[in-house]
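Enquirer: Kindly generate the corresponding structure for this input.
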Amino acid sequence: MTDLPSPSDRPRSVRSATFGLFRPVLFAIGVIGLAMGGLVLSHRSNPEIASLPPAAKFPTAPTTAPPSVDAPPVILAAPEPVPPITAAEFSKAPPIDLRGFQMKPPDASAEAEPPAGDIYELTLRLEKGDTVERMLADVGVAEADRRQVADRLQSLLKRKRLAVGETIELTMQTIPEQPDAPRVLALSVRPQPEREYIVSRQDDGTYDAEEKIYKVSPRIVRVEGERDGSLQQSGIKAGAPSAAMVDFVRALSYDVDFQRELKQGQKFTVLLEQLVTSDGKVTHPGRLLAGELRLLKRTVTIIRYRPQGGADGFFNPQGESVVRSFLRTPMDASRITSRFGMREHPILGFSALHAGVDFAAPPGTPILAAGAGRVMSAGPNGGYGLYVKLQHTHDVATAYAHMSRIGPGIKHGVVVRQGQVVGFVGSTGMSTGPHLHYEFLKGGKHVNPLTQKFAMRGTVGGKDAARFHALAKQYLAQLKSAPVAGDAAKPTEPKPAPKKTAQAPRQPAPSQVAKGD
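Expert: Predicted structure coming up:
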């Protein structure tokens with residue numbers, strides 16, 4: 001027996017101590033190795049996996065080495081086609097929830113656009129001493145804008161000046177930041193119906209100007225009326241121009257006795273040829289083409305016609321000229337107040353021959369020469385007051401008395417035309433009220449003007465006859481079918497102008513009826 005201590009009593013070495021520390025780790029590694037070995041064995045026992053090449057079993061990172069020539073190609077089975085979805089299956093599908101796809105709410109912090117100003121229209125009228133720039137200043141337009149507008153307009157007008165009373169149309173816009181300084185968007189002025197000048201504001205704040213020309217074409221319309229007062233004024237009230245009614249009355253005066261045949265309430269129609277622009281503005285109110293006056297026992301029709309190589313004239317539907325050697329009456333008078341013959345003088349108070357016919361009419365009514373002739377006297381003539389005498393032939397003369405004034409250019413020795421104005425109704429001399437005293441003399445003797453028969457001037461004949469009758473047929477149909485003047489172009493309501501308005505015209509004083517010579 002030795003004296004060496006027993007193994008249990010020997011001290012542990014460093015190696016054994018280290019092994020004791022790593023024993024659990026080694027045990028875990030062994031367990032993992034066993035698991036991996038069992039996995040490999042199970043894969044080898046599967047015939048499908050075993051038939052694959054090593055590269056397919058254990059894929060590795062691609063290398064630059066070329067693939068093996070002896071390796072068989074891998075063939076993958078084609079996928080089975082997916083059957084299409086039927087409409088019935090689609091309708092049974094649950095609805096798709098799109099609540100996640102909502103529009104982004106507006107950013108509350110974004111700055112709101114400034115409100116646009118109000119746009120309105122304004123009509124101004126040019127007064128005496130006005131300028132366009134001054135008018136714009138009156139409605140609050142800024143100085144820079146009104147100067148630009150005035151300059152651009154003047155560049156179109158050149159040396160022309162707008163007439164007093166001219167209407168200027170404005171399109172304005174308020175500015176929210178400057179409510180008392182509106183902006184001019186457009187200005188237009190139309191000194192002639194066929195010509196318009198427009199100044200417009202551009203996007204950059206400047207102004208541009210243009211001149212617009214309208215095409216003018218004729219338009220035939222009719223005016224229907226009823227006599228209420230004088231025939232001329234009745235036509236004007238119905239919408240006919242004054243010049244056309246003067247022609248109508250003058251053409252009728254050869255054949256119509258205005259004192260005995262013309263009554264209140266009788267109807268008339270005039271056919272007019274107007275000139276109208278392409279936008280409906282009337283450039284000429286209308287010249288007389290034809291007219292019709294319906295009296296108690298007959299209808300008088302006149303038609304305008306120009307024979308070849310001649311001047312315009314009026315004819316009846318049969319082609320006979322309405323012009324006679326003398327007018328039946330020298331004016332469109334309202335009524336006869338004293339006839340030709342013996343009577344008691346209203347001023348002197350004794351019976352005497354009334355050597356003419358008295359026509360009552362408002363003061364200032366034009367008096368027409370009954371026929372062509374030469375002025376033998378023009379001026380004051382005792383109880384006749386202002387007086388004009390015309391010599392028509394060697395034995396026929398007419399005289400006109402009690403006028404308020406003598407017509408322009410009427411003086412001794414002057415030749416006058418039939419229908420020319422020789423004076424105006426008044427009450428000069430021995431007169432009880434405004435009227436015309438009209439005398440007719442043959443061989444120096446006074447005769448009754450109302451009983452005289454006057455020869456006609458002529459008729460349409462030859463080549464003119466066919467043309468006239470075709471035109472007459474057309475005019476007679478249009479007297480009944482042409483559009484009425486008021487319906488052909490309805491007048492628009494005038495816009496109220498902020499500047500001073502014209503005073504209403506004074507009503508004419510009621511005419512006084514002459515009770516004597």
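
Enquirer: Correct me if wrong: Ile336 contacts Asp358.
Expert: Yes - taking Cβ atoms under 8 Å as the definition, Ile336 is a contact partner of Asp358 at 6.7 Å. Bear in mind the C-beta positions are built from the backbone N, C-alpha and C, glycine included.

Enquirer: Between those two, point out the one with more neighbours.
Expert: Asp358 (27 against 19; other Cβ atoms under 10 Å).

Enquirer: sec struct for that one, please.
Expert: The three-state label given to Asp358 by DSSP: H, G, I helix; E, B strand; the rest coil is strand.

Enquirer: you'd agree it is up against Pro434?
Expert: No - at 10.7 Å, Asp358 does not count as touching Pro434 under the criterion of Cβ under 8 Å.

Enquirer: what stretches of the chain score poorly on pLDDT?
Expert: 1-20, 40, 42-116, 332-334, 342-352, 454-457, 487-517 (pLDDT under 70).

Enquirer: Mind listing what's buried along the stretch of helix or strand Glu273 belongs to?
Expert: Assessed by DSSP states H and E, Glu273 sits inside strand 267-277. For strand 267-277, burial by neighbour count (16 or more other Cβ atoms under 10 Å) applies to 268-277.

Enquirer: Mind putting these into JSON lines with distance to Arg159?
Expert: Conversion of those to JSON lines gives the following (distance: Cβ to Cβ, whole Å):
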{"residue": "Phe268", "distance to Arg159": "46"}
{"residue": "Thr269", "distance to Arg159": "45"}
{"residue": "Val270", "distance to Arg159": "40"}
{"residue": "Leu271", "distance to Arg159": "40"}
{"residue": "Leu272", "distance to Arg159": "35"}
{"residue": "Glu273", "distance to Arg159": "34"}
{"residue": "Gln274", "distance to Arg159": "31"}
{"residue": "Leu275", "distance to Arg159": "26"}
{"residue": "Val276", "distance to Arg159": "29"}
{"residue": "Thr277", "distance to Arg159": "24"}
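
Enquirer: Name the nearest of those residues relative to Pro307.
Expert: Closest approach to Pro307 among those (Cβ to Cβ): Glu273, at 18.4 Å.

Enquirer: what are the ranges of the helices in the stretch 101-250 of the chain?
Expert: 132-138, 143-157, 231-238, 242-252 (DSSP state H, counting those that start in this stretch).

Enquirer: Could you list every helix and strand in contact with the shortest one?
Expert: Here helix 132-138 is seen to pack against helix 143-157 when contacts are counted using 3 or more Cβ pairs under 8 Å, 6 or more residues apart in numbering; DSSP states H and E.

Enquirer: number of nearby residues for the residue nearest to Thr167 when sequence neighbours are not counted?
Expert: Once flanking residues are discounted, Thr167 sits nearest to Arg125: 5.7 Å by Cβ to Cβ, 6 or more residues apart in numbering. Arg125 has 17 neighbours, counted by other Cβ under 10 Å.

Enquirer: for the one 3 residues further on, same thing?
Expert: Applying other Cβ under 10 Å, we find 7 other residues in the vicinity of Lys128.

Enquirer: correct me, but it touches Val164?
Expert: Yes - in this structure, Lys128 is within contact of Val164 by Cβ under 8 Å, at 5.2 Å.

Enquirer: all helices of the stretch 401-517 of the chain, in order?
Expert: Remark: helices assigned in the stretch 401-517 of the chain by DSSP H, counting those that start in this stretch are 463-481, 485-488.

Enquirer: What's the separation between the residue nearest to Thr167 and Leu479?
Expert: 38 Å (Cβ to Cβ, to the nearest Å).

Enquirer: can you check Gln202 too?
Expert: Taken as Cβ to Cβ, the span from Gln202 to Leu479 is 52 Å.

Enquirer: Looking at those two, which is more packed in?
Expert: Comparing Gln202 with Leu479 by other Cβ under 10 Å, the one with more neighbours is Leu479, at 19 against 8.

Enquirer: The more buried one against Phe268, yeah?
Expert: No - in this structure, Leu479 is not within contact of Phe268 by Cβ under 8 Å, at 10.4 Å.

Enquirer: Could you tell me which residues touch both of these two?
Expert: Taking Cβ atoms under 8 Å, 6 or more residues apart in numbering as the criterion, Leu479 and Phe268 both touch Glu292.
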